[in-house]
Structure formats: C-alpha cells, structure tokens
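**Q** coordinates only, sequence not included:
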Ligand SMILES: Nc1ncnc2c1ncn2[C@@H]1O[C@H](COP(=O)(O)OS(=O)(=O)O)[C@@H](OP(=O)(O)O)[C@H]1O
Ligand SMILES: Nc1ncnc2c1ncn2[C@@H]1O[C@H](COP(=O)(O)OP(=O)(O)O)[C@@H](O)[C@H]1O
C-alpha cells in the first residue's frame, strides 16, 4: 500500500477490480514511464513528442507531460526555487504512477535537476516501470540553441535560479539511456529510445 502522511490517516485504500494488468491486456501493451531529464534546451520536449508520435502511430496509448505545460495547470502555484522544483517533481512522480495504473505509456519532459527527487519518483514504481533517459547536451550548446531566449535573460540577471547558470543540475550517474542530442539527429535519438523499448520487451521487434 502507498505511503500515507498523518494528514491523510483517515483516508482508507480502496482496492480496484479493474487493475493495471487488465488494462494492459485490453490495450495489448504494457504501461511504462519514460522519464526524460536534462538542461533547458537539451531536447527533452522535442524528443518526448517525437517518440510519442511514433508510438501513437502504431496504436499505443501515450501521454507527454511537459514541464512548461504542466506549470500552466497542475503546478501553476510553483516557481523555480529548490523547494518548488522538488514539489513539482513529487507531483509528477505521483501523476505518472496514476498513469501507469491507467495503462498509459507516459513520457515526461521535466528538467528534474535533483538526483534525490528522480530516485524518489523511481521508488514509487516497480522495477522496470521507470526508464530514466538523460538528454545530454553541453551547457554551451543549450545556450547557443537558446530555444526560448531564457539563457540570455538568465545571463542578464533578468531570470533568477536558472538551471545551469544560477541553479544546479545533477547529472544522472546511471541512467537507463543517455542520448547525446548535440551529436545525434532527432531521428537517431528517437531510434535509440525505440531500441531500448524493444530491448525491454515494451515493443515487439515487429512494431
Ligand atoms: N529559472 C528557470 N530554470 C529553468 N527553467 C525555467 C526557469 N524559468 C522558466 N523556465 C522554463 O520552465 C521549464 C522547466 O520547468 P520544469 O518543470 O521542467 O523544471 S523543474 O523540473 O521543476 O526543474 C523550462 O523548460 P525547458 O526549456 O523545456 O526545460 C523553461 O522553459
Ligand atoms: N537529437 C536531438 N534531440 C532533440 N532535440 C534536438 C536534437 N538535435 C537538435 N535538437 C534541437 O534542440 C532543441 C531542443 O529544444 P527542446 O526540445 O525545447 O529542449 P528542452 O525541452 O530540453 O528544453 C530543439 O530546437 C531541437 O530541434
């Protein structure tokens, strides 16, 4: 049974009859979490959506949770202090856990800069349910890309606590996959993720 805080001591767990296993059987595929992490501009969103596109086209049930979008809704009360980022990732971890039960292949695109919070998210799930994908791109290249012009603002001091400039990013030591997005094309990067899903028997060789 999941962790319970004192505040929710009187909330009792109700066991569902329609289980994850039954949903997976109905969908004819497993559910899983593909957790993309990396600096702003490293390619998380582009890659997550491109992988989703391929999975959707072959009929799988998918959802991308993207940092920028989720911060307009579920996490609109959070900023970029360490405390707020930790709460952001806690909520996303819990959300992905719900989506696992719903039978969905979830792709998350959050900087998720802290090792401890990524490990906590992983610990909510069974072994193999959480696949950590490090979108690796040197800071200098992310800054050259400056997709949204945020690095420029951060260097000018117009944005505080900016990851890589004035807020830390703790690189994964042992990710399931590390993708060098500064060396590979988008298509090659997508292929690396698809190959991993085949290796883990999420996709069959035919798909
Ligand atoms: N201070 C600061 N630092 C980093 N990023 C910033 C900041 N302010 C705004 N943004 C924009 O917010 C996106 C990152 O949000 P996340 O929810 O992924 O961040 S975190 O995981 O909670 O650290 C990030 O999106 P990506 O560029 O897609 O990573 C930025 O567009
Ligand atoms: N192999 C690659 N994978 C993903 N993005 C890439 C790759 N090569 C170049 N890019 C480019 O890098 C930028 C990454 O931006 P984005 O996906 O918004 O990053 P993030 O979500 O990490 O902030 C995009 O302009 C994208 O076209």
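**A** Cool, the structure landed. Note that the structure is a prediction, hence the values are computed from the model and not measured. Ligands and ions are numbered 1, 2, ... in the order given.
**Q** worst-scoring helix or strand of this protein, pLDDT-wise?
**A** Of all the helices and strands that make up the chain, helix 67-70 has the lowest average by mean pLDDT, DSSP states H and E, namely a mean of 92.
**Q** ok, and for the next helix-or-strand element following that one, which residues are buried?
**A** Taking DSSP states H and E as the definition, the helix or strand that follows helix 67-70 towards the C-terminus is helix 82-101. For helix 82-101, burial by neighbour count (16 or more other CB atoms under 10 Å) applies to 85-86, 88-89, 92-93, 95-97, 99-100. From N, CA and C alone the C-beta is placed, and that goes for glycine too.
**Q** what residues does helix 82-101 touch?
**A** Residues external to helix 82-101 that are found in contact with it (CB atoms under 8 Å, 6 or more residues apart in numbering): 16, 20, 23, 31-33, 35, 63, 65, 67, 70-71, 74-75, 78, 106, 108, 110-114, 117-118, 120-121, 124-125, 129-130, 167.
**Q** For ligand 1, what's the nearest residue on the protein?
**A** Closest contact between the chain and ligand 1, by CB to the nearest ligand atom, is at residue 67 (2.5 Å).
**Q** what about the residue of the chain found nearest ligand 2, how many neighbours?
**A** Minimum separation of the chain from ligand 2 (CB to the nearest ligand atom) falls at residue 43, amounting to 2.7 Å. Taking other CB atoms under 10 Å as the criterion, the count of residues near residue 43 is 25.
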